[in-house]
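Colleague: below is the sequence, then the predicted model.
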Amino acid sequence: MSAEVWLVTGGLGFIGSNFVRMALRERPDISIVNLDAVTYAANPANLADVMHDLRYSFVKGDIADERAVADLLAHRPFDVIVNFAAETHVDRSILDADAFLRTDVLGTYVLLKAARKANVRRFLQVSTDEVYGHVPTGASNEDAPIAPRSPYAASKAGGDLQVLAYAATFDLPALITRGSNTYGPYQYPEKFIPLFITNLIDDWPVPLYGDGLQVRDWLHVEDHARGILAVLERGENGQIYNLGGDNSRTNLEVTQRLVELCERSFETHVRHVTDRPGHDRRYALDCTKARAIGWSPQHDFASGIVDTVRWYRENEAWWRPLKLGAFADYYETQYSKRGTH
């Protein structure tokens, strides 16, 4: 039996690169082609350790480019497609949602059309718990209604609905995973945890939205990647699987812990700023379905956040260049004029 070929889109990003590395390490009978547009949050350095692996190859391209995607799938057979490619940051979607709609909705549609024509064995869409919107009590299972409250969440929900439509209408063997807030190595420093860690390392203040009592469930990126692999290999076609970390904490609690780990002062380094519009107060996932196929998170947040801080301390050469130029301009736009809460 010949080795399978997997197409991973967005594999230079945070979760995608961790998935590619893990899959190559743990599945010696596969090869991976990574299709990535190399936008600002994609970093070739994320996969520097596998670039010489003969089972790995990279193609620069945009999933919303129908001709490029069709050509790629026409010239090489793929058994599996795993779609990580997405615009992901809520704050950026509030500033300008155009790219989110193009990649998350149109790009997903383009991939689905190509996957159907190519008769792939599996199509997996990587999505987010944010499509469920604010969850005041309890936890969202996969049958909960979607109620996105940001342009980002709405664009991801749009992509999910396309996947479910292709599964129902065309019998495409497709699945969806919806992960909770993810943390760990190689996360672009605009996101909450890496932004705060890198700011604190540099003795800079950190911008905490509102009162900081928003509740998030934190999932280590290795657990997230392993959950995606489990669903890809053991999930049921046409189904959605929630992947949560069993680590619910307020943003304030996480901030306090990061300040401690970075040996800074909460009073001098934490700046409560005006909350962002439509900020969901609480997310929570019921992961019974994922547990039923043998997956559960293995990383405890208490040790995982220590390891994450250590990684950013030991890999300054990775993140320092990312916080220059366009990032610095974005940071100025996003935070400089926010009033204190």
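Modeller: Yep, that arrived. Numbers count the residues shown, from 1 in each chain.

Colleague: quick one, helices of the stretch 101-250 of the chain?
Modeller: Residue ranges of the helices in the stretch 101-250 of the chain, as given by DSSP state H, counting those that start in this stretch, are 108-118, 151-170, 192-201, 221-234.

Colleague: okay, those helices in CSV with mean pLDDT and mean neighbour count next?
Modeller: Where you see a C-beta, it was placed from the backbone N, CA and C, and this is true even at glycine. Listed next are these as CSV, based on pLDDT from 0 to 100; neighbours: other CB atoms under 10 Å:
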stretch, mean pLDDT, mean neighbour count
helix 108-118, 97, 21
helix 151-170, 97, 20
helix 192-201, 98, 22
helix 221-234, 98, 22
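
Colleague: for residue 185, find the nearest of the ones you listed.
Modeller: Closest to residue 185 of the helices of the stretch 101-250 of the chain is helix 221-234 (CB to CB; 6.9 Å).

Colleague: quick one: contacts of that closest one?
Modeller: 14-15, 18-19, 22-23, 26-27, 80, 82, 122, 124, 126, 175, 177, 179, 182-187, 241, 243, 245, 290, 293-295, 297-299 (CB atoms under 8 Å, 6 or more residues apart in numbering).

Colleague: hmm, back to that, the helices of the stretch 101-250 of the chain: which one's closest to residue 53?
Modeller: The closest of those to residue 53 is helix 221-234. By CB to CB, the value is 16.8 Å.

Colleague: return the subset of the contacts of helix 221-234 lying in strands.
Modeller: Judged by DSSP state E, the subset of the contacts of helix 221-234 located in strands is 80, 82, 122, 124, 126, 175, 177, 179, 182-183, 241, 243.

Colleague: can you show me the CA trace of stretch 39-46 as CSV?
Modeller: Extracted C-alpha coordinates of stretch 39-46, given in CSV (Å, rounded to 0.1, in the frame of the first residue of the first chain):
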residue,chain,number,x,y,z
THR,A,39,0.4,36.2,5.2
TYR,A,40,1.7,38.2,8.1
ALA,A,41,0.9,35.5,10.7
ALA,A,42,2.5,32.7,8.7
ASN,A,43,6.2,32.1,9.4
PRO,A,44,8.5,29.7,7.5
ALA,A,45,10.6,29.5,10.7
ASN,A,46,7.7,27.6,12.3
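
Colleague: in TSV, list the helices of the stretch 101-250 of the chain along with distance to residue 211.
Modeller: Output for the helices of the stretch 101-250 of the chain, formatted as TSV (distance: least, CB to CB, whole Å):
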stretch	distance to residue 211
helix 108-118	35
helix 151-170	22
helix 192-201	15
helix 221-234	28
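
Colleague: what packs against the strand or helix carrying residue 7?
Modeller: Counting by DSSP states H and E, the element that carries residue 7 is strand 4-9. Applying 3 or more CB pairs under 8 Å, 6 or more residues apart in numbering; DSSP states H and E, we find strand 4-9 packed against helix 14-26, strand 30-36, strand 80-83.

Colleague: can you tell me which of the contacts of helix 221-234 are buried?
Modeller: Neighbour counting over the contacts of helix 221-234 (16 or more other CB atoms under 10 Å) leaves 14-15, 18-19, 22-23, 27, 80, 82, 122, 124, 126, 175, 177, 179, 182-187, 241, 243, 245, 290, 295, 297, 299 as the buried ones.

Colleague: quick one: closest of the helices of the stretch 101-250 of the chain to residue 310.
Modeller: Using CB to CB, the nearest of the helices of the stretch 101-250 of the chain to residue 310 is helix 192-201, at 9.9 Å.

Colleague: got a list of contacts for the closest one?
Modeller: Applying CB under 8 Å, 6+ apart, the external contacts of helix 192-201 come out as 181, 183, 187-189, 205-206, 251, 254-255, 258-259, 262, 264, 269, 305, 308-309, 312-313, 316, 319, 323.

Colleague: what residues are bridge-paired with the closest residue to residue 236 other than its chain neighbours?
Modeller: What sits nearest to residue 236 in space, not counting adjacent residues and going by CB to CB, 6 or more residues apart in numbering, is residue 175, at 7.5 Å. Going by DSSP bridges, residue 175 is paired in beta bridges with residue 124.

Colleague: gap between residue 175 and residue 164?
Modeller: To residue 164, residue 175 is 10 Å away according to CB to CB, to the nearest Å.

Colleague: likewise for residue 300?
Modeller: Distance, residue 300 to residue 164, using CB to CB: 33 Å.

Colleague: wait, what's in contact with residue 99?
Modeller: By CB under 8 Å, 6+ apart, the contact set of residue 99 is residue 87.

Colleague: no wait, residue 212
Modeller: For residue 212, the contact set (CB under 8 Å, 6+ apart) comprises 250-252, 255, 272.

Colleague: so what's residue 179 up against?
Modeller: Applying CB under 8 Å, 6+ apart to residue 179 gives the contacts 15, 126-129, 219, 224, 227-228, 242-244.

Colleague: max pairwise distance over those residues: which two?
Modeller: Across those, the longest distance by CB to CB is 15.2 Å; it joins 15 and 242.
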